[in-house]
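Colleague: What follows is a protein structure lacking sequence information:
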Ligand code: CDP
């Protein structure tokens, strides 16, 4: 099979293949640190569905271009796609994860440098097209839980279940700091809330709930409760 110009993607989109079995798709969208990825992964584990974190691909592309050229004023769609040639999505036991030139890059893509620049890369239309195709190719024919900003609107408009998770930005900041496992001061919460609000505004264009999404405000829910809600909604939708 021939390769198309976008790195890591087979030319024929599996979504357009009418004979391919359609899997059940749960799309979970929401703003920064709303708990999408961890929730999606836990839902996937409960249901036996694989998880795809679309944000991990925007992060991987950002890590790739940062390795080539740390000056964002030089970045273009072409430069980012060229730098991203070695990126692929690999299936593991519960989730797909991005690898670059055959190596896992989890620590690098979660670093502060990538987080600072990822929204800029995510505004590039051809980078968005590349991520969308990678995600669709990984999902094809599978039962899948996919998370991001535009999974229910752009990437899987016919998803079987769409969820939009929200939470108060201070609560999201507190959760993100807790995730890091280091002691947290009031000033750190204030600073992190500011960073999250800034990323929310940069990502606002693509972070829109689908008209048929179920909105879940998780501010006062435990992670277990939000996972249970989505599993119950899935059971109802499937039966
Ligand atoms: O987990 P967190 O909310 O920090 O972000 P992420 O899901 O890892 O996504 C990182 C960045 O990728 C976001 O800030 C967006 O700029 C971008 N993104 C996007 O534009 N569309 C998606 N479907 C997923 C992520």
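Modeller: Sure, I can see it. Just so we're clear, the structure is a prediction, and the values are computed from it rather than from any experiment.

Colleague: And for residue 235, the neighbour number?
Modeller: For residue 235, the count of nearby residues is 10 (other Cβ atoms under 10 Å). C-betas here are computed from N, CA, C, even on glycine.

Colleague: Find the helix or strand that it is a member of.
Modeller: In this assignment (DSSP states H and E), residue 235 forms part of helix 223-238.

Colleague: Identify the residue spatially nearest to residue 163, adjacent ones excluded.
Modeller: Computed as Cβ to Cβ, 6 or more residues apart in numbering, the closest residue to residue 163 that is not its neighbour in sequence is residue 28, at 4.7 Å.

Colleague: before we move on, back to that, so which other helices or strands are in contact with the helix holding residue 235?
Modeller: The criterion is 3 or more Cβ pairs under 8 Å, 6 or more residues apart in numbering; DSSP states H and E, and the helices and strands that helix 223-238 contacts are strand 25-29, helix 36-47, strand 161-166, strand 214-217.

Colleague: pretty sure residue 101 is touching residue 84, no?
Modeller: No: the pair formed by residue 101 and residue 84 falls short of the contact definition of Cβ atoms under 8 Å, at 10.9 Å.

Colleague: For these two, indicate the residue with more neighbours.
Modeller: residue 84 (27 against 10).

Colleague: Helix or strand next in line after the helix or strand of the chain with the lowest mean pLDDT, which one?
Modeller: Every helix and strand in the chain was compared by mean pLDDT, DSSP states H and E; the lowest is helix 169-180, with a mean of 93. Using DSSP H and E, the helix or strand that follows helix 169-180 towards the C-terminus is helix 186-203.

Colleague: Great, nothing more from me.
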